[in-house]
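Undergrad: Sequence first, predicted model second:
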Amino acid sequence: MGTRPAAFPEIKAFTGVLPCAYKNRMRSFFVEPEEIHKAVAVIGGSEARHIRKVLRLRPGTRVRVTDGRGHTADACIQVVEADRVRVEILTPAPTPAPDNRELIVAQAMLKDRKMDALIRALTELGITTWLPFISARSVAQPDSRRLQARLTRWARISREAVKQCGRRRQPHIRMAAGLRDILERSAGFDHKIMFWEEADAPPAASGPRGEGRIMVIIGPEGGFTAEEAQSARQAGFSVCALGPRILRAETAALAAVTLVQYLVGDWRAPSPGGRPR
């Protein structure tokens, strides 16, 4: 009998020639701004424990550090201790270029852990601010204690997503008081869109891509009420649809932000210097 050909030989050839780029990528870690002292920085907390216990990185390893505010630098590990890692800054952190675009997403509260997955994905998609709020049909309505715990968890998840996708800045996360608060904050924005399943048309591109202030409002599992949609229209929002299919709330959020990024976001206009924001 002849030898059976290997399944998908082109995949084997590809993986043999080109090893996984992720494994060879320089690892990135957060450093609190107050822990940067000229040519030396200190990585602390869970980041330091991850370096020591999980990654087992040793002195001499090259890493990248970021303060989440736009500054990044290449560094070299000097000392690994139980709860802190001291690194030497090898290249000075450049001054971050000013952002010409803001993408603020106001998300009505979803139940369970759906919001956890959303902030991770939306961070990767490039939002600059996330405003969770409780709308008329929000099922999830956590009390102040549980809400504070969620805000802390969302900030941690967002930081991890920033490292994964190579962004320079971490999105701001602020709880809004409700839809009225969102509408009041929208004054002066260049693009304002509410996505509603009962709307007739999708959003249209307008204005310069990659610039301006964009606010997007996305609803909960039950969608917005007609009264909420009308309030948004009166505040200058375009109330738009996402197509003929019925989407889950978390799917709708990702589809909406992806569409807005394509139409008026930064997907067609690279940031200055071609570096991630």
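TA: On my side now, so go ahead.

Undergrad: alpha carbons only for contacts and neighbour counts from here, please
TA: OK.

Undergrad: can you pull the pLDDT of K53?
TA: pLDDT recorded at K53 is 84.

Undergrad: so what's it up against?
TA: Residues near K53 by C-alpha atoms under 8 Å, 6 or more residues apart in numbering: none.

Undergrad: and it, that one's in a helix?
TA: Yes: looking at K53 with DSSP: H, G, I helix; E, B strand; the rest coil, it is inside a helix.

Undergrad: ok, which stretches of the stretch 51-200 of the chain are strands?
TA: For the stretch 51-200 of the chain, strands defined by DSSP state E, counting those that start in this stretch occupy the ranges 62-66, 72-80, 84-89, 101-108, 129-133, 172-173, 191-195.

Undergrad: And the contacts of the longest one?
TA: What it means is strand 72-80. Contacting residues not belonging to strand 72-80 are listed as 52, 58-66, 85-94, 168 [C-alpha under 8 Å, 6+ apart].

Undergrad: Return a ChimeraX selection command for the buried portion of the residues you listed.
TA: In ChimeraX, a selection of the buried entries from the contacts of strand 72-80 looks like this (16 or more other C-alpha atoms under 10 Å):
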select :52,62,63,64,65,66,85,86,87,88,89,168
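
Undergrad: can you tell me how far the closest residue to V239 other than its chain neighbours sits from R52?
TA: Leaving aside its chain neighbours, V239 sits nearest to M194 (4.8 Å; criterion: C-alpha to C-alpha, 6 or more residues apart in numbering). Counting by C-alpha to C-alpha, to the nearest Å, the gap from M194 to R52 is 45 Å.

Undergrad: Equivalent analysis for E35, please.
TA: Distance from E35 to R52, by C-alpha to C-alpha: 18 Å.

Undergrad: Could you give the number of residues near the nearest residue to S158 once chain neighbours are set aside?
TA: Spatial nearest neighbour of S158, excluding adjacent residues (C-alpha to C-alpha, 6+ apart): R120 at 5.5 Å. When counting by other C-alpha atoms under 10 Å, one arrives at 20 neighbours for R120.

Undergrad: try Q234
TA: Q234 - counted by other C-alpha under 10 Å - has 11 other residues nearby.

Undergrad: Can you list the low-confidence ranges for this structure?
TA: For the chain, the stretches with pLDDT under 70 are 1-25, 34, 68, 70, 92-100, 166, 205-211, 267-277.

Undergrad: Spell out which residues make up each domain of it.
TA: 26-89, 101-269 (automatic domain parsing).
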